[in-house]
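# just a sequence and a predicted model for now, questions to come.
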Amino acid sequence: MASALATGAGDRSGRQGAVASFEMTPGEALFTSELARFCATPGGARKLLAVYRLARTAPAKVSAGPAGHHALGILMAILVGAPAQAAQVLGAVVEALAAGEDSGTFRTLLEKVAREHTAECGRATCGPCADWSRVLRAHADLVRGQQVPQEIGAYAEWVDEVARFSFPT
């Protein structure tokens, strides 16, 4: 005897909701294509798209609108494109939130964390410096072309979800 799922007679409402949560609007597809600038390779861009689509289906305890998804996308792009820098950025977002600075700008936070590395490095030509340069350039390009959240608080909502996809090596 065939199961209801195998014959297609089972409850489809749950599956259809899951499928719909993976679909993107044209605007979101354009936005995610621009996130590829954070990645050094095409393989990184493919990985970014996959993990972004998984992360955006998170339970709705965070902003699920376009601005929330933009903050998620940017954090995911940093995580996939520059994993070592992502750990520093996520930590800085948490620290800013704990210090009550969640209304500060995310761009300022990125620049501050990048400067801390450059000051420690002293050369500004090492591999991590190149990653920071790519992250800062990609973020600046994205801000010019898209409506992205500026406040650190918008990114703080997604820190835990993004951290789940972090696999230190």
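That came through, no problem. Residues are numbered from 1 along each chain as shown.
# what helices or strands is the helix or strand containing residue 144 leaning on?
Assigned by DSSP states H and E, residue 144 belongs to helix 127-145. Helices and strands touching helix 127-145, by 3 or more CB pairs under 8 Å, 6 or more residues apart in numbering; DSSP states H and E, are helix 26-35, helix 66-81, helix 83-98, helix 106-121. For glycine as for every other residue, the C-beta is placed from the backbone atoms N, C-alpha and C.
# return the distance of the very next helix or strand once past it from the chain's centre.
Next along the chain after helix 127-145, taking DSSP H and E as the criterion, comes helix 152-156. For helix 152-156, the distance from its own C-alpha centre to the chain's C-alpha centre is 12 Å (CA atoms, centre = their mean, to the nearest Å).
# what number of residues lie near residue 53?
Neighbour count of residue 53, defined by other CB atoms under 10 Å: 15.
# which stretches of the chain have low pLDDT?
The model of the chain has pLDDT under 70 over residues 1-22, 58-66, 122-124, 168-169.
# cutoff 90 now
Low-confidence segments of the chain (pLDDT under 90): 1-29, 53-69, 101-104, 117-130, 145-146, 166-169.
# now the helix holding residue 144, how far from the chain's geometric center?
Put simply, helix 127-145 sits 14 Å off its chain's centre (CA atoms, centre = their mean).
# which residues are contacting that helix?
The contact list for helix 127-145, computed with CB atoms under 8 Å, 6 or more residues apart in numbering, reads 34-35, 37-38, 40, 74, 77-78, 81-82, 84-85, 107, 110-111, 114, 117-118, 121, 123, 148.
# show the buried residues in the residues you listed.
Among the contacts of helix 127-145, those classed as buried by 16 or more other CB atoms under 10 Å are 35, 37-38, 74, 77-78, 81-82, 85, 110, 114, 117-118, 148.
# let's have these in a markdown table, adding distance to residue 138.
Listed next are those as a markdown table, based on distance: CB to CB, whole Å:
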| residue | distance to residue 138 |
| --- | --- |
| 35 | 8 |
| 37 | 4 |
| 38 | 4 |
| 74 | 9 |
| 77 | 7 |
| 78 | 9 |
| 81 | 7 |
| 82 | 9 |
| 85 | 11 |
| 110 | 10 |
| 114 | 12 |
| 117 | 17 |
| 118 | 17 |
| 148 | 12 |
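# if I pick residue 152, what's in contact with it?
Contact analysis of residue 152 by CB under 8 Å, 6+ apart lists 93, 96-97, 101-106, 109.
# got a PyMOL select line for the buried ones in those residues?
Applying 16+ other CB under 10 Å to those, the buried members can be selected in PyMOL as follows:
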select buried, resi 93+96+97+101+102+104+106+109
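# out of the contacts of residue 152, what pair is the most spread apart?
97 and 105 (13.8 Å; CB to CB).
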